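*Asks:* my questions are about this predicted structure, shown below with the sequence.
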There are 2 protein chains.
Amino acid sequence: MTYETVHKVKRLVAVDCVIFGYEHEQLKLLLFKRQIEPAKGQWSLIGGWVNEDESVEDAARRVLQSITGLEDVFPEQVRVFSEPGRDPGGNVLTVAFNALIKIEKHSNQMIREFGAQWFPISQVPPLIFDHEEMLQIAYDRLRLKATYNLIGRQLLPEKFTITQMRRLYDQIFQKSFDPGNFRKKLLSLKLLHRLDEKERYESKKGAFYYKFKEEEEDKHVEPIFRSAIRF
Amino acid sequence: MTYETVHKVKRLVAVDCVIFGYEHEQLKLLLFKRQIEPAKGQWSLIGGWVNEDESVEDAARRVLQSITGLEDVFPEQVRVFSEPGRDPGGNVLTVAFNALIKIEKHSNQMIREFGAQWFPISQVPPLIFDHEEMLQIAYDRLRLKATYNLIGRQLLPEKFTITQMRRLYDQIFQKSFDPGNFRKKLLSLKLLHRLDEKERYESKKGAFYYKFKEEEEDKHVEPIFRSAIRF
DNA sequence: ACAAAAGTGTTAGCCGTACACCCATGT
DNA sequence: ACATGGGTGTACGGCTAACACTTTTGT
């Protein structure tokens, strides 16, 4: 440890996870009642300390696993927040992460244990410290990603209809995409393949289920809709 | 300091700056001969430790100021690199930053003092540790930014011709933009205003100088060219 | 028969790209 | 006069957005 011999300043390093989920045709955010002082009992993003010999990605995965019980989450860095005084409890450098979660899949018991609650994205309560700024930036990043990648694999069920995907995009961008145009654009990407099975509850006619093609993991695409870019 | 009472792991935190410049119609990168072990004498990005009670942005600005003598640099976060073992000298978490510099403006004396050298972006030597990955990601980020913002204010002289701006974009995207189309697109953004003065060296006819409008600082625009997005 | 969502078709307009072409001027 | 980059014009193709229209089927 070459650098240890000279005295260098070390910092407390944390991760904060912005956990998005999708349920009842609503984009939701998972928030927590803070367990420790300061600001105990107020709503916040879920965070955790980064251990020695651990990457921030691993720390985020560890935190997400402990909360949701899920192993297959893929947290993505948003950015670092390190203004002195951003956390009244100490000089903490935190790395914000985005995570997408299937709400129905995770353990609700864990959630209850941690005093957590899903909030519709349009009805988020006041948050501690700079967490509202973090959320704003994380949400912007999610929309940017949704513009250039077809997201939904981690938010929708394994098989889903075009309409379900459209409703998800409606939620993310807070607008209504044209059903016909959305369908054509989506299928033109060739990232999905149709199953021989129909969804029969949402419409009389029934709508074919689709799945993501396995091989097209996170493929970078042209903007889904030009108008979606603006925000 | 609430969190200090319980023992928490602290980390060495550094910043690494990816410094882009533009000179002789070439996009360049400022690299340094590393002054300390390990890997002393090899090429690297310039880095620095983050002090207590200092944001990573402030640390990046401080490092850039100490190297270039410039006060008005606006480092932008790229992302965190924190894999254990990424730096053989110790367990260092580093935040990568992009910075754009007017090459002719900064103090060359400082540069010499630090064993620094400008490299054309296409002729970068091998770098230490994970700095090549950092550069790759930083460069991708620069191109993304150049797609949605008109950059150049910090790379070109105060007044410049449309052709000079086009050559900068040619360099950034490693392609040749069509002169006529680039001109029309650029002017349609209405981010520049024309001066009553002409550049007289590069062509017989002479080309009007343009300046950035002061009020349009970092305005978010539609993609400059659709084809520029792909990379 | 009607409603309601699935799915297809059509059209107008915008915009990117390619490329032709004139302009101004120093040699 | 001619070469050179500055600057303008045009035309084609592809895509978006708006919306009409057909299909299917449960009630």
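*Replies:* Happy to help now that I have it.

*Asks:* could you pull out the strands in chain A for me?
*Replies:* Across chain A, reading from the start of the chain, the strands by DSSP state E fall at A:10-23, A:26-33, A:43-44, A:46-49, A:76-81, A:92-101, A:116-120, A:192-199, A:207-212.

*Asks:* residues in contact with the shortest one?
*Replies:* Contact partners of strand A:43-44, identified using Cβ atoms under 8 Å, 6 or more residues apart in numbering or on different chains, comprise A:31, A:32, A:33, A:34, A:125, A:126, A:127, A:128, A:129, A:131. C-beta here means a position set from N, CA and C on the backbone, and glycine is covered the same way.

*Asks:* buried ones in stretch A:140-156?
*Replies:* Applying a neighbour-count criterion of 16 or more other Cβ atoms under 10 Å in any protein chain shown, the buried positions in stretch A:140-156 are A:141-143, A:145-156.

*Asks:* check stretch A:188-198 too.
*Replies:* Burial within stretch A:188-198, assessed by neighbour count using 16+ other Cβ under 10 Å, is assigned to A:191, A:192.

*Asks:* next one: stretch A:204-216
*Replies:* For stretch A:204-216, the neighbour count (16+ other Cβ under 10 Å) marks A:207, A:209, A:210, A:212 as buried.

*Asks:* for chain A, what's the longest helix?
*Replies:* helix A:131-148 (DSSP state H).

*Asks:* contacts only, for residue A:197.
*Replies:* With contact taken as Cβ under 8 Å, 6+ apart, residue A:197 is in contact with A:159, A:208, A:209.

*Asks:* equivalent analysis for residue A:67, please.
*Replies:* Residue A:67 is in contact with A:17, A:19, A:30, A:46, A:110, A:111, A:114, A:116, counting by Cβ under 8 Å, 6+ apart.

*Asks:* can you tell me the residue of chain A closest to DNA strand C?
*Replies:* residue A:180 (2.7 Å; Cβ to the nearest atom of the strand).

*Asks:* how about residues contacting the worst-scoring helix or strand of chain A on mean pLDDT?
*Replies:* For chain A, scoring each helix and strand by mean pLDDT, DSSP states H and E identifies helix A:108-113 as the least confident one, at a mean of 76. Around helix A:108-113, the neighbours that count as contacts under Cβ under 8 Å, 6+ apart are A:30, A:66, A:67, A:68, A:69, A:117.

*Asks:* rewinding a little: how about TSV for the strands of chain A, with distance to residue A:168 and mean pLDDT added?
*Replies:* Below are the strands of chain A laid out as TSV (distance: least, Cβ to Cβ, whole Å; pLDDT from 0 to 100):
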stretch	distance to residue A:168	mean pLDDT
strand A:10-23	6	96
strand A:26-33	7	95
strand A:43-44	24	96
strand A:46-49	23	95
strand A:76-81	18	98
strand A:92-101	11	97
strand A:116-120	14	94
strand A:192-199	13	96
strand A:207-212	13	97
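
*Asks:* now these in JSON lines, with distance to residue B:165?
*Replies:* Compiled in JSON lines, the strands of chain A are given as follows (distance: least, Cβ to Cβ, whole Å):
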{"stretch": "strand A:10-23", "distance to residue B:165": "37"}
{"stretch": "strand A:26-33", "distance to residue B:165": "40"}
{"stretch": "strand A:43-44", "distance to residue B:165": "45"}
{"stretch": "strand A:46-49", "distance to residue B:165": "44"}
{"stretch": "strand A:76-81", "distance to residue B:165": "29"}
{"stretch": "strand A:92-101", "distance to residue B:165": "34"}
{"stretch": "strand A:116-120", "distance to residue B:165": "45"}
{"stretch": "strand A:192-199", "distance to residue B:165": "41"}
{"stretch": "strand A:207-212", "distance to residue B:165": "41"}
